[in-house]
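Asks: Have a look at this fold, sequence not included:
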């Protein structure tokens with residue numbers, strides 16, 4: 001008789017199903033026509049009905065099944081009862097096919113922290129740039145991002161009739177990442193992906209120091225990491241505060257699980273303990289390969305300006 005799946009794999013399997021449901025909610029809100037947009041701190045920091053409903057769905061669904069988890073979501077929402085139609089109780093059978101890496105097989109619920117960005121790329125969502133949008137569920141243990149789930153609600157949305165809409169990517173350190181085809185930028189090409197709506201002189205000076213062949217400006221941290229693992233970009237460079245732990249936890253785990261690296265602009269690892277500050281105040285630098293090339297070219301001015 002096979003033993004029951006380890007806690008971590010059950011949690012990832014649940015997060016996968018919850019992320020699938022989140023994608024459905026996001027599409028339903030968009031098709032309804034009223035996004036319910038509010039400004040949180042300004043025109044570049046928005047919240048929609050989809051952000052609110054998805055956070056309720058993810059946090060309530062995971063808390064019901066794993067009551068000892070610490071769950072930290074982006075949106076500051078007042079407590080309210082969650083409608084049952086937002087609850088997802090399923091678990092991905094695809095995830096449960098895999099055995100848990102031995103180093104994580106005896107983790108307890110109360111030792112895990114889940115970081116949730118219900119709709120990464122909200123500004124782009126409101127502007128119809130739907131391929132930028134992701135749902136991020138990151139799982140941390142001992143302050144380290146060890147597993148992640150990214151849903152793209154609008155993957156394939158321009159492919160025409162008959163295409164399957166949406167997909168979910170997932171990964172666990174020591175196991176790998178799944179749900180996509182790993183590709184790399186051709187050797188010697190330096191393609192930078194960076195912020196679309198939070199640019200600055202510091203951001204642009206840092207990018208210029210990398211001597212890029214091309215610069216891609218898009219929304220969403222999850223979207224940028226997908227560009228790295230699918231060979232559309234070779235580095236994600238963001239020399240500015242603004243990114244938060246819920247933006248980077250899931251993408252970092254998925255990137256690290258395939259041999260990539262994500263740090264702050266100074267090369268320091270992020271910590272994901274439940275009591276850590278939410279802001280990644282020293283920016284983000286991430287690559288699938290050749291991290292040292294990019295980190296060695298970060299200007300001292302950027303390192304001095306961005307303090308962890």
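Replies: Ah, there it is. Predicted model only: the values in this text are computed from it and were never measured.
Asks: in stretch 292-306, what's buried?
Replies: By 16 or more other C-beta atoms under 10 Å, the buried positions in stretch 292-306 come out as 294, 295, 297, 298, 299, 302, 303, 305, 306. Where C-beta positions appear, they are placed from N, C-alpha and C, glycine not excepted.
Asks: Can you give the contact residues for it?
Replies: 190, 202, 205-206, 209-211, 235, 237, 239-241, 263-267, 281-283, 285, 287 (C-beta atoms under 8 Å, 6 or more residues apart in numbering).
Asks: any chance of the buried residues of stretch 292-306 in JSON lines, plus distance to residue 164?
Replies: Conversion of these to JSON lines gives the following (distance: C-beta to C-beta, whole Å):
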{"residue": "294", "distance to residue 164": "34"}
{"residue": "295", "distance to residue 164": "38"}
{"residue": "297", "distance to residue 164": "40"}
{"residue": "298", "distance to residue 164": "40"}
{"residue": "299", "distance to residue 164": "44"}
{"residue": "302", "distance to residue 164": "41"}
{"residue": "303", "distance to residue 164": "44"}
{"residue": "305", "distance to residue 164": "44"}
{"residue": "306", "distance to residue 164": "40"}
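Asks: distance of the residue lying closest to residue 57 once chain neighbours are set aside from residue 107?
Replies: In space, and not counting its chain neighbours, residue 57 is closest to residue 86: 4.1 Å by C-beta to C-beta, 6 or more residues apart in numbering. Remark: distance between residue 86 and residue 107 (C-beta to C-beta, to the nearest Å) = 27 Å.
Asks: Model confidence for the residue lying closest to residue 184 once chain neighbours are set aside, exactly?
Replies: Closest residue to residue 184 apart from its sequence neighbours, by C-beta to C-beta, 6+ apart: residue 231 at 5.2 Å. We have a pLDDT of 98 for residue 231.
Asks: cool, and residue 3?
Replies: The model's pLDDT for residue 3 equals 75.
Asks: show me where the stretch 51-200 of the chain has helices.
Replies: Listed in chain order, the helices of the stretch 51-200 of the chain (DSSP state H, counting those that start in this stretch) span residues 93-96, 122-126.
Asks: Out of the ones you listed, which one sits most buried?
Replies: Neighbour counts (mean count of other C-beta atoms under 10 Å) averaged over each of these peak at helix 122-126, with a mean of 21.
Asks: biggest helix in the protein, by residue count?
Replies: Counting by DSSP state H, the longest helix found in the chain is helix 7-32.
Asks: Against residue 238, how distant is the residue nearest to residue 264 when sequence neighbours are not counted?
Replies: Leaving aside its chain neighbours, residue 264 sits nearest to residue 282 (3.7 Å; criterion: C-beta to C-beta, 6+ apart). Residue 282 sits 10 Å away from residue 238, going by C-beta to C-beta.
Asks: who has more neighbours, those two?
Replies: More neighbours surround residue 238 than the other of residue 282 and residue 238, with 28 against 23 (other C-beta atoms under 10 Å).
Asks: Next up, the contacts around residue 83.
Replies: Applying C-beta under 8 Å, 6+ apart to residue 83 gives the contacts residue 56.
Asks: Check the helices of the stretch 51-200 of the chain for me: which has the lowest mean pLDDT.
Replies: Lowest mean pLDDT within the helices of the stretch 51-200 of the chain: helix 122-126, a mean of 90.
Asks: what's in contact with that one?
Replies: With C-beta under 8 Å, 6+ apart as the test, helix 122-126 has contacts from 26, 30, 35, 37, 44, 46-48, 50-51, 119, 130, 132-133, 196-197, 218-220.
Asks: Of these, grab the buried ones for PyMOL.
Replies: To isolate the buried ones among the contacts of helix 122-126 in PyMOL, judged by 16+ other C-beta under 10 Å, type:
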select buried, resi 26+30+35+46+47+48+50+51+119+130+132+133+196+218+219+220
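Asks: Now, the contacts of helix 122-126 that are in strands?
Replies: Of the contacts of helix 122-126, the ones assigned to strands by DSSP state E are 46, 47, 119, 218.
Asks: between those residues, which is nearest residue 66?
Replies: Nearest to residue 66 among these is residue 119, at 22.1 Å by C-beta to C-beta.
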